[in-house]
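Asks: Let me see the structure of the following:
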Amino acid sequence: MALEIPQTEKVKLKLQEQDGIDERKLVAQQNLELYQARTTRAYEKLSRLRSFRKRESMLVLRRPIVGRHHSPKFAPNWEGHFIIDQVYDGGAYLLANADGEDFISN
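Replies: You can find the predicted model right below:
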């Protein structure tokens, strides 16, 4: 003999179950937001905005645009001694070498 549960009881149980799921979703969402806030705070603590001015000198990191860089193992990671010739919006710079010639990376 199977015990029959009235339809109203089934609906009540289903709603209680749904409420429990909603509460767990809310707790998970709150935990996610707290984690993202901690991560953002830790990143901003270690990073700082760096802007360069015209006539400042700098080195350029040598990196391949695509694929792997196939240079000798002990090749330098940095290129030359460059001077900032022009500063553009958005953090772009026009570089010139020590002789005043525009630098174009190849």
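Asks: Buried ones in stretch 25-42, by neighbour count?
Replies: Along stretch 25-42, no position meets the burial threshold by neighbour count (16 or more other C-beta atoms under 10 Å). Yep, even glycine has a C-beta here, placed from its N, CA and C like the rest.
Asks: for the record, mean pLDDT for that stretch?
Replies: Averaged across stretch 25-42, pLDDT comes to 94.
Asks: Over to stretch 50-66?
Replies: Here the average pLDDT along stretch 50-66 is 78.
Asks: And the contacts of it?
Replies: Contact with stretch 50-66 is made by 69, 71, 75-87, 91, 93, 95, 103, 105, as judged by C-beta atoms under 8 Å, 6 or more residues apart in numbering.
Asks: Return the subset of these lying in strands.
Replies: Of these, the ones assigned to strands by DSSP state E are 78-87, 93, 95.
Asks: Now do the domain split for the chain, please.
Replies: What automatic domain parsing lists as the domains of the chain is 7-48, 57-97.
Asks: start to end distance for the last one?
Replies: The straight-line separation of the ends of domain 57-97 (C-alpha to C-alpha, to the nearest Å) is 9 Å.
Asks: And the helices in the chain, which stretches?
Replies: For the chain, helices defined by DSSP state H occupy the ranges 7-46.
Asks: Could you pick out the buried ones from the ones in strands among the contacts of stretch 50-66?
Replies: Among these, those classed as buried by 16+ other C-beta under 10 Å are 82-85, 93, 95.
Asks: List just the nearest of these to residue 35.
Replies: Lowest distance from residue 35 to these (C-beta to C-beta) belongs to residue 93, with 35.7 Å.
Asks: That closest one and residue 102: what is the separation?
Replies: 11 Å (C-beta to C-beta, to the nearest Å).
Asks: just residue 56 next, same as before
Replies: Taking C-beta to C-beta, one finds residue 56 at 16 Å from residue 102.
Asks: ok, now residue 78?
Replies: 19 Å.
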